[in-house]
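Colleague: Give me a model of this one.
(chains A, B, C and D)
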Number of protein chains: 2
Amino acid sequence: MPATMKDIARLTGLSLATISKYLNGGHVLPANQRAIEQAINQLGYTVNSVARSLKTRRSMTIGVLIPHLENVFSTSIISELEDKLHQVGYSTIICDYHHDPEMEAEKLDFLAHRQIDGLVMMPLSGCRDALVKLRERQIPVVLIDRPVEGLDCDAVLVKNRKASFQAVSRLAEAGHERIAIICGPQGVYTADERLYGYMDALKHYQIKLDEDLVQYGNYDTKSGYVLTARLLDRQKPPTAVFVTNHEMTYGSVLAVNERDLLMPKQLSLIGFDHKLLNQVLRPPLAVVTQPLKQIGQTVAELLVHRLTGINRQEPAIIKYLDAVWHDGGSYGPLS
Amino acid sequence: MPATMKDIARLTGLSLATISKYLNGGHVLPANQRAIEQAINQLGYTVNSVARSLKTRRSMTIGVLIPHLENVFSTSIISELEDKLHQVGYSTIICDYHHDPEMEAEKLDFLAHRQIDGLVMMPLSGCRDALVKLRERQIPVVLIDRPVEGLDCDAVLVKNRKASFQAVSRLAEAGHERIAIICGPQGVYTADERLYGYMDALKHYQIKLDEDLVQYGNYDTKSGYVLTARLLDRQKPPTAVFVTNHEMTYGSVLAVNERDLLMPKQLSLIGFDHKLLNQVLRPPLAVVTQPLKQIGQTVAELLVHRLTGINRQEPAIIKYLDAVWHDGGSYGPLS
DNA sequence: CTTACAGAGCGAAACGTTTCGCTCTGGTTA
DNA sequence: TAACCAGAGCGAAACGTTTCGCTCTGTAAG
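Modeller: Next comes the predicted model:
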C-alpha cells in the first residue's frame, strides 16, 4: 500500500497538521523540514490527490469536450490547452463526442459528475440546460468556436464572417462571378457566419447571389466530396468554389482530383483550415485558417483567470480572433 | 452548495447506508426506492465521485501519455480508447509530452501523483524506473508502439519489420536497386525494426546494402524534407525512397514536389502512415499504415481486462498487429 | 520581573461516500 | 406456537488529507 501522511507522522513524531503545513508551503522549523523530507524519501510518499480534492473541494481537473478528436482543429487547441493547464497543476480530461448530439449530452453529464473545476467545450447543439447547471455551481465554462444562446459564459470565437468575406473577395477580385460555397449545416453558428461572409463579399463586389451555388454540407469529408462533385458535374459549373471547413476542403480536393481538373486554370478553389493541403498540393491550395494555437492559449488564459481569481462573478468575456490567410496558386483569373 | 447524500437522508428519513446501497445497485424496498429517487430529483443530487474514489481507492481515471497530440497516430488511438474507457465508466486524462524526454518524465510523474487506476503510454525514452514504480503499485500499464526494456507490462505493437519488408519488396519487385530509406533515430525500437525490415528485403532480393542510402531522421517533418532533399540532390540519387513515418513522409513529399519530380516516372516513393497523401495526391502515394483503430481497441481491451479482472498478476501480454498496405501510383518500374 | 505577542505545533473535526457487522422484522417451516 | 433464516436497514468507522482554534514557548518591551 502507498505510504500515507500518517506513516510520515509516525516516522517523524510530528503531527499530520505540521506535515501538511510543510507540504503546502507553511513555515516549519528546519530540523522538522529535514525529518519530513527524509521520511518522504524513505517511504516514497506522495500526496493522495483524491483525499486532498475531497477536503479542498477542488479536483484540479478540467473537462474538455470536443466533437472529434481526429480533427486538427481540436487537437492543436487541446495540445496547447493541456500544456497551459498542466503548468498550473490541472489535469485535462478529454471527451470526444464524435459529432453526435446524444453523445455530447452523455459525456457532458459524465464530466459534470466528475467534480471538474472547469469545462472547455466546443458545443454542437442543445446542451444549454446542462451548461446552465454547471454555471449555477460556479464552474467556469469556456466555449470554443460557437456560443450557446442564453448561456452567460466565456467564449473564444473566430471572426468567421470576416474570414469568409476575405476568401471570397479573392475570388471576386480574380474576376469570378460564379462563385460557389460549400457551407456547413444551417443553424450552426460557424456555418451561418461563413455563409454571411460569402454573401457580404458577393454584395460588396456586386455579384448576384445564385442560390444554386450555395450548398449545405455536414462539415464532413463526404459532404465536401459529394457537393463539390455535384457542383462540378453541372452543365454550367461554377468557376470558383470556396469550401468552409477542414474536412469538406479535403473532400472537395478529392472530387477535383478525381476529375483531373487543373487549378487555377479550370477551377479556382479556396479551402478552410486545411493547412497541409496548402503545403503539399501543386499548386498549393489557398486556405484561410483559424489560429489554433492562439485559440488554445486564449482559452487557457480565460479559464486560468476564472480558476485562480477571487471574484468568479465577473461578466462573461467573448474573445474574437482573426483567421489567417495562406495564399496559394489554387485560384486565379478566369481562363 | 451541491446536495450531498446527507441531504437525501434528511429528506427521506433513511440512512446513508441505505441510500448508498440503492445507488450502488443493492436491494432496497420499492417505497424507499421511490423516496430516494424523488429526493434526488428534488435536490439535483449527484454522487461526489471524489469522495467515492477516496473510500473505494479507485479514481476511475486512466492516464494517457503521448508524444504529440497533433499526430494522427495518437489521436486515432486515443479517440477509440477514450470511447471504450467511457463505456466502462473511466475518464481519460490526456498528457502530451511533445517528444521531449524531460516533459515525458514530468508528466508521467504528474500522472503518477493523480491516483490513476491505469496508464496508457507511448514511451519515448528512459522512464523505466517510474513505470516500474507504477507496476509495483499494481497499476496496469499498457505501452503502445514500443516496449520498454526491463519492464514487465502489457504492450500493443505493430509488426514494423514486416511492414517495412513488404513496402521495400514492392520497390524491389518493380526493379529498383537503388532504394533509399529514411529511418527514425537509431536506438528507437520502431525505427530499428523498420530498418531491419528494409535490410531483410534487400537481402531477400539480393540487393546490396548501400549505407549512403540509409538516412536517419528524427521522425519529424523537417528531417523527412531535409533527408529526401539530400538524397535527391546527389549526383547519383536513389531511384526509390521508402520513408518510415507519417511526419517524415509529409516532409519527403514536400521535397519531391519542390523539385517537380514526377512519381513514379522519375522517382518511386512509398510512405508510412500518411493515409491522407494516399488519397489526395495524384498519383496516390503508396503508404503502409498502422491499424490505428485496432490499436486503440486492443489497448482498451487489455486495460479493461486488467482493471476489471480479479487476478491482476497475470503475465504481461504483448500483442503484435499487422500493418495495412494502401496501394498507390507513386512507385513503379524503373524508367 | 511581568506582560504581551508571534511563531510553531498539535488535536480534533471535517470533507462525502462506502462498507462492515449488528439488529430487527416478517415469513416459512417443523 | 416456536424456531430459524433471509431480507432490510442502520450506526459507526474508515478512506487520507486540510484547516481551525487552541496551547505552549521564547523573546522583546515596558
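Colleague: Which other helices and strands does the helix-or-strand element of chain A with minimal mean pLDDT contact?
Modeller: Of all the helices and strands that make up chain A, helix A:275-280 has the lowest average by mean pLDDT, DSSP states H and E, namely a mean of 85. With contacts defined as 3 or more C-beta pairs under 8 Å, 6 or more residues apart in numbering or on different chains; DSSP states H and E, the packing partners of helix A:275-280 are helix A:246-258, strand A:286-289, helix B:246-258, helix B:275-280. From N, CA and C alone the C-beta is placed, and that goes for glycine too.
Colleague: Help me confirm that A:Gln266 is found in a strand?
Modeller: No: for A:Gln266, which was evaluated using DSSP: H, G, I helix; E, B strand; the rest coil, the result is coil, with no strand membership.
Colleague: tally of neighbours for it?
Modeller: Burial of A:Gln266, expressed as a neighbour count using other C-beta atoms under 10 Å in any protein chain shown, amounts to 14.
Colleague: Quick check: which ranges of chain A have low pLDDT?
Modeller: Within chain A, the ranges that satisfy pLDDT under 70 run A:126, A:310-313, A:335.
Colleague: what about the strands in it?
Modeller: A:61-66, A:91-96, A:118-121, A:141-144, A:154-158, A:179-183, A:214-216, A:240-243, A:268-272, A:286-289, A:318-321, A:324-326 (DSSP state E).
Colleague: The fourth one pairs with which strands, parallel or anti?
Modeller: In the sheet containing strand A:141-144, the strands it pairs with under DSSP bridges are strand A:118-121 (parallel), strand A:154-158 (parallel).
Colleague: Give me whichever of these is most buried.
Modeller: Using mean count of other C-beta atoms under 10 Å in any protein chain shown, the stretch among the strands paired with strand A:141-144 with the largest mean neighbour count is strand A:118-121, at a mean of 26.
Colleague: wait, which of the strands of chain A is closest to DNA strand C?
Modeller: Of all the strands of chain A, it is strand A:61-66 that lies closest to DNA strand C, at 15.7 Å by C-beta to the nearest atom of the strand.
Colleague: ok, the closest one: who's next to it in the sheet?
Modeller: The strands that strand A:61-66 pairs with in its sheet are strand A:91-96 (parallel), strand A:118-121 (parallel) (by DSSP bridges).
Colleague: what's in contact with the last one?
Modeller: Read that as strand A:118-121. A:62-66, A:81, A:90, A:108, A:111, A:127, A:131, A:134, A:139-144, A:299, A:303, A:306-307 (C-beta atoms under 8 Å, 6 or more residues apart in numbering or on different chains).
Colleague: ok, back up a step: columns distance to B:Tyr97 on top of the strands paired with strand A:141-144, output as CSV?
Modeller: Formatted as CSV, the entries for the strands paired with strand A:141-144 read as follows, by distance: least, C-beta to C-beta, whole Å:
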stretch, distance to B:Tyr97
strand A:118-121, 20
strand A:154-158, 25
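Colleague: Compare these and give me the one nearest B:Val324.
Modeller: Ranking the strands paired with strand A:141-144 by proximity to B:Val324 (C-beta to C-beta) places strand A:118-121 first, at 34.0 Å.
Colleague: now the closest one, how far from the chain's geometric center?
Modeller: Going by C-alpha atoms, centre = their mean, to the nearest Å, the spacing between the C-alpha centre of strand A:118-121 and its chain's C-alpha centre is 11 Å.
Colleague: cool, and stretch A:94-109?
Modeller: Centre to centre, stretch against its chain (C-alpha atoms, centre = their mean), the figure for stretch A:94-109 is 14 Å.
Colleague: Report the backbone C-alpha coordinates of it in CSV.
Modeller: What follows is stretch A:94-109 as a C-alpha-only set of coordinates in CSV (Å, rounded to 0.1, in the frame of the first residue of the first chain):
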residue,chain,number,x,y,z
ILE,A,94,-10.7,14.5,-22.7
CYS,A,95,-14.1,13.6,-24.0
ASP,A,96,-14.8,13.1,-27.7
TYR,A,97,-18.5,13.1,-28.7
HIS,A,98,-18.0,12.3,-32.4
HIS,A,99,-20.4,15.0,-33.7
ASP,A,100,-23.2,13.1,-32.0
PRO,A,101,-25.6,15.2,-30.0
GLU,A,102,-26.7,12.4,-27.8
MET,A,103,-23.1,11.5,-27.0
GLU,A,104,-22.4,15.2,-26.4
ALA,A,105,-25.1,15.2,-23.8
GLU,A,106,-24.0,11.9,-22.3
LYS,A,107,-20.3,13.0,-22.0
LEU,A,108,-21.2,16.4,-20.7
ASP,A,109,-23.3,14.7,-18.0
